[in-house]
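> From the sequence below, what's the structure:
(one chain, ligands or ions: 2)
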Amino acid sequence: MAPHAEIDSTSANGDGHPIANGAATNGSSNGSSAGPLFTVSSPNVVYTDSEIHSKYTYRTTKVSREPSGKYVATPQETLYDFKVDRKVPKLGAMLVGWGGNNGSTVTAGIIANRRGLVWETREGPRAANYYGSVIMGSTMKLGTDAKTAKDVNIPFHDVLPMVHPNDLVIGGWDISKLDLAASMDRAAVLEPTLKAMVRKEMAEMAPLPSIYYPDFIAANQEDRADNLIPGSKASWAHVEQIRKDIREFKESHDLDKVVVQWTANTERYADILEGVNDTAENLLKAIEEGHEEVSPSTVFAVACILEGAPFINGSPQNTFVPGAIELAEKHGSFIGGDDFKSGQTKMKSALVDFLISAGIKLTSIASYNHLGNNDGKNLSSQKQFRSKEISKSNVVDDMVEANSVLYAPGEHPDHTVVIKYMPAVGDNKRALDEYYAEIFLGGHQTISIFNVCEDSLLASPLIIDLVLVTEMMTRIKWRSQSTGEAKEEDDFKSFNSVLSILSYMLKAPLTPTGTPVINALAKQRGALTNIFRACVGLEPESDMTLEHKLF
Ligand SMILES: NC(=O)c1ccc[n+]([C@@H]2O[C@H](COP(=O)([O-])OP(=O)(O)OC[C@H]3O[C@@H](n4cnc5c(N)ncnc54)[C@H](O)[C@@H]3O)[C@@H](O)[C@H]2O)c1
Ligand SMILES: O=P([O-])([O-])O[C@@H]1[C@@H](O)[C@H](O)[C@@H](O)[C@H](O)[C@@H]1O
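Numbers count the residues shown, from 1 in each chain. Ligands and ions are numbered 1, 2, ... in the order given. The predicted structure is shown next:
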């Protein structure tokens, strides 16, 4: 068995034909030279074989307040140049916690899609798909038909030249040595008929040994820990081993890039300690000295930052201590997080947005769920649950604070989060929510939701979206567009190291220091959509449809 074989999409697929990789197309995984689905016809957009250049006017409104308390709103225009590298790279995704429910499920899902598998279930045949992925399963409005004026919607994946998930090379680490077929069985997520079709490939994949600092995850996880890099607390050797693993993975598969994601267990919060993890310099020193407050996820983050591999945290713990954020910004490495937003919280961020923006005064949110997978087992430990409680509780703050008509300063709905471990239900989490609100003339509205979330089948597409969007962001550069003097080609910059554009997929979005956290789901999707549209010189999606009103 290879130390850690992966899906290599240059290998033969189901019909034995190799799938080409990384061709500059807008999305087909067969590497066809079909080219982009659309082009933009504008004096502000220039296509070359290798790049898309767009001149973009960013329109906002600056508001000032007069002594009288009145506001003055002033339209603002900022001119940007965007540059997109059109070459779709050969991309690797390395998962920390690869042998877990999410890791094994997303791996099987990519194999099933790459091979176009169909399998029997009690309800009849089911075909592989990417449902639940915003990039692969949703569309965006490109514009309106020149003749019929009807909306023209295109697959989200086609707005920019993104990697196709079928072409991803998957690998990773786990403290459990089970191969991916055994991990898939342990997860008990997929139909036996599908498992049988991917078992051979999955059995040849084995996670790399990982670092394990027992105090950071529940004690009940100890029996899984049989695939370890020596050492039970942070050390520089751990950073170097992880960096070496990434380099070897990249070289052995002739990859252009690697994105790393944490889908390992939820850790307890790390204390933020002056002189330990408050600055980049102190964090590196703390790792060298083996400080016990440095978590495995922070060690992975530091290794990825230094290796230049984007690192995304799919769990709720505070991996990105201040020193890690400073280190990422210093090295220009991308980081993002925290905590996949897959079911109960995703629903909450949409429902709360609807209620409050409809002028309905939400006064109480009770969120309970029980689940029986290993994630639930780890969360049955109070310290790990606390990390999740925090990420699940803050998701309403921005929407409440934005409505001063309903809420006085500092006023907010009651909000409780309960998670219980019930092994019998396995990965099929039961989420029960009650939303209680005040309505017109002293009335009340009570919304009660029973939501069965197949947790790993909801989270796996998010893992894919996070990889695809993060990689796309490495190929987008910007500069302020100054009129007049010629600009040097090399004065383009990357987006800020903290990828807040990923917030749609995450419960507790990490944002650049000092910038606001947006949790409203529609706003998050709008930001992702409209930033990608701007990169090809298109205006933000507008639902004004004046063309249907002014005639
Ligand atoms: N819907 C969802 O499944 C969902 C949603 C949001 C967040 N999450 C988070 O995603 C993470 C994974 O969820 P899951 O259901 O796959 O959990 P899981 O317990 O099935 O998988 C986690 C894996 O991580 C491994 N692991 C633990 N510590 C490790 C380390 N230091 N290095 C490498 N591997 C390590 C474990 O052995 C296990 O295989 C959890 O933190 C969970 O809270 C999941
Ligand atoms: O994404 P979401 O459904 O709101 O939240 C989920 C929690 O309800 C669940 O208990 C936990 O195990 C999952 O990891 C996930 O975080």
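> which residues does the residue nearest to Asn313 when sequence neighbours are not counted contact?
Of all residues not flanking Asn313 in the chain, Gly337 sits nearest, at 3.2 Å (C-beta to C-beta, 6 or more residues apart in numbering). Every C-beta, even on glycine, is put in place using the N, C-alpha and C of the backbone. Contacts for Gly337 (C-beta atoms under 8 Å, 6 or more residues apart in numbering) come out as Trp262, Ile312, Asn313, Gly314, Ser315, Thr319, Phe320, Leu502, Leu506, Ala508, Pro509, Leu510.
> In what element of secondary structure is Phe300 found?
Phe300 belongs to helix 296-307 when assigned by DSSP states H and E.
> ok, now Asp433?
strand 428-438.
> and that strand, what does it pack onto?
Secondary-structure packing of strand 428-438 (3 or more C-beta pairs under 8 Å, 6 or more residues apart in numbering; DSSP states H and E): helix 344-357, strand 361-371, strand 444-454.
> and after the helix holding Phe300, which helix or strand comes next?
Counting by DSSP H and E, what follows helix 296-307 is strand 311-313.
> now for that following strand, which elements pack on it?
Looks like strand 311-313 contacts strand 257-262, helix 296-307, strand 335-336, helix 455-473 (3+ C-beta pairs under 8 Å, 6+ apart).
> Would you mind checking the average pLDDT for the last one?
Mean per-residue pLDDT for helix 455-473: 98.
> any idea how far that helix is from the chain center?
5 Å (C-alpha atoms, centre = their mean, to the nearest Å).
> send the alpha carbons of stretch 124-140 over as CSV?
Extracted in CSV, the C-alpha atoms of stretch 124-140 (Å, rounded to 0.1, in the frame of the first residue of the first chain):
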residue,chain,number,x,y,z
GLY,A,124,-33.9,3.1,-7.1
PRO,A,125,-30.7,4.1,-8.9
ARG,A,126,-28.8,7.2,-7.8
ALA,A,127,-26.1,9.0,-9.8
ALA,A,128,-23.1,10.9,-8.5
ASN,A,129,-23.7,14.7,-8.2
TYR,A,130,-22.3,17.7,-6.5
TYR,A,131,-25.6,18.9,-4.9
GLY,A,132,-25.0,21.1,-1.9
SER,A,133,-22.0,22.8,-3.5
VAL,A,134,-22.7,26.4,-4.3
ILE,A,135,-20.0,26.3,-7.0
MET,A,136,-21.1,23.1,-8.7
GLY,A,137,-24.8,23.0,-7.9
SER,A,138,-26.0,26.6,-8.2
THR,A,139,-26.3,29.2,-10.9
MET,A,140,-25.9,33.0,-11.1
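> right, and Arg243 touches Ala303 too?
Yes. Arg243 is in contact with Ala303 according to C-beta atoms under 8 Å; the separation is 5.0 Å.
> Kindly report the residues of the protein close to ligand 2.
Counting by C-beta under 6 Å from any ligand atom, the chain comes close to ligand 2 at 341-345, 369, 371, 375-376, 379, 388, 392, 419, 429, 453, 455.
> contacting residues around the helix holding Phe300?
96, 210-213, 216, 234, 238-240, 242-243, 246-247, 260, 262, 264, 267, 270, 277, 283-284, 287, 310-311, 313, 315, 317, 319-321, 324, 327-328, 331, 333, 335.
> From ligand 2, how far off is the one residue in the chain that gets nearest to ligand 1?
Using C-beta to the nearest ligand atom, Gly100 is the residue of the chain that sits closest to ligand 1, at 1.9 Å. According to C-beta to the nearest ligand atom, to the nearest Å, Gly100 and ligand 2 sit 11 Å apart.
> who touches that residue in this structure?
Asp174, Ser183, Ala187, Thr263, Ala264, Asn265, Asn374, Asp375.
> Repeat that for Glu411.
Val400.
> Point me to the residue sitting farthest from the middle of the protein.
Most distant residue from the mean C-alpha position of the chain: Ser68, 44.2 Å away (C-alpha atoms, centre = their mean).
> Okay, and that residue sits in which element?
With DSSP H and E as the criterion, Ser68 is inside neither a helix nor a strand.
> Over to Pro161?
Per DSSP H and E, there is no helix or strand for Pro161.
> do you know how far the closest residue in space to it that isn't next to it in sequence is from Ala34?
Computed as C-beta to C-beta, 6+ apart, the closest residue to Pro161 that is not its neighbour in sequence is Arg86, at 4.9 Å. Per C-beta to C-beta, to the nearest Å, Arg86 is found 13 Å from Ala34.
> which SS class is Glu389?
With DSSP: H, G, I helix; E, B strand; the rest coil as the basis, the three-state label of Glu389 is helix.
> so it touches Val417, yeah?
Yes. The pair Glu389 / Val417 is scored as a contact, 4.9 Å apart, by C-beta under 8 Å.
> any idea how far the residue nearest to Thr61 when sequence neighbours are not counted is from ligand 2?
Excluding the flanking residues, the one nearest Thr61 by C-beta to C-beta, 6+ apart is Ala73, at 5.1 Å. Per C-beta to the nearest ligand atom, Ala73 is found 36 Å from ligand 2.
> State the pLDDT value of Ala73.
98.
> For it, which residues are in contact?
Thr61, Lys62, Val63.
> Format the helices and strands packed on strand 428-438 as a markdown table; extra columns: distance to Val294.
As requested, those are exported to a markdown table (distance: least, C-beta to C-beta, whole Å):
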| stretch | distance to Val294 |
| --- | --- |
| helix 344-357 | 28 |
| strand 361-371 | 29 |
| strand 444-454 | 33 |
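> among these, which is nearest Phe492?
helix 344-357 (33.4 Å; C-beta to C-beta).
> circling back: more neighbours: Arg86 and Ala34, which one.
A direct count of neighbours by other C-beta atoms under 10 Å for Arg86 and Ala34 places Arg86 higher, at 18 against 12.
> In this structure that one contacts Ser50, no?
Yes. If you go by C-beta under 8 Å, Arg86 and Ser50 touch, sitting 5.8 Å apart.
> any weak-confidence spans in this protein?
Low-confidence segments of the chain (pLDDT under 70): 1-33, 482-489.
> still on that earlier bit, which one of Arg243 and Ala303 has more residues nearby?
Set Arg243 next to Ala303 and count neighbours by other C-beta under 10 Å: Ala303 wins out with 23 against 17.
> now the strands for the stretch 1-150 of the chain?
45-47, 51-65, 71-85, 91-96, 118-121, 124-127, 139-144 (DSSP state E, counting those that start in this stretch).
> Ok, the stretch 401-550 of the chain next?
Under DSSP E, counting those that start in this stretch, the stretch 401-550 of the chain gives strands at 414-421, 428-438, 444-454, 476-480.
> Can you redo these as a markdown table, where the extra columns are mean neighbour count and distance to Glu204?
Converted to a markdown table, the strands of the stretch 401-550 of the chain look like this (neighbours: other C-beta atoms under 10 Å; distance: least, C-beta to C-beta, whole Å):
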| stretch | mean neighbour count | distance to Glu204 |
| --- | --- | --- |
| strand 414-421 | 16 | 32 |
| strand 428-438 | 18 | 29 |
| strand 444-454 | 13 | 26 |
| strand 476-480 | 17 | 35 |
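> Would you mind giving those strands as TSV with distance to ligand 1 added?
Formatted as TSV, those follow (distance: least, C-beta to the nearest ligand atom, whole Å):
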stretch	distance to ligand 1
strand 414-421	10
strand 428-438	7
strand 444-454	7
strand 476-480	27
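> To Gly109, which of those lies closest?
Closest among the strands of the stretch 401-550 of the chain, using C-beta to C-beta: strand 444-454, at 12.3 Å.
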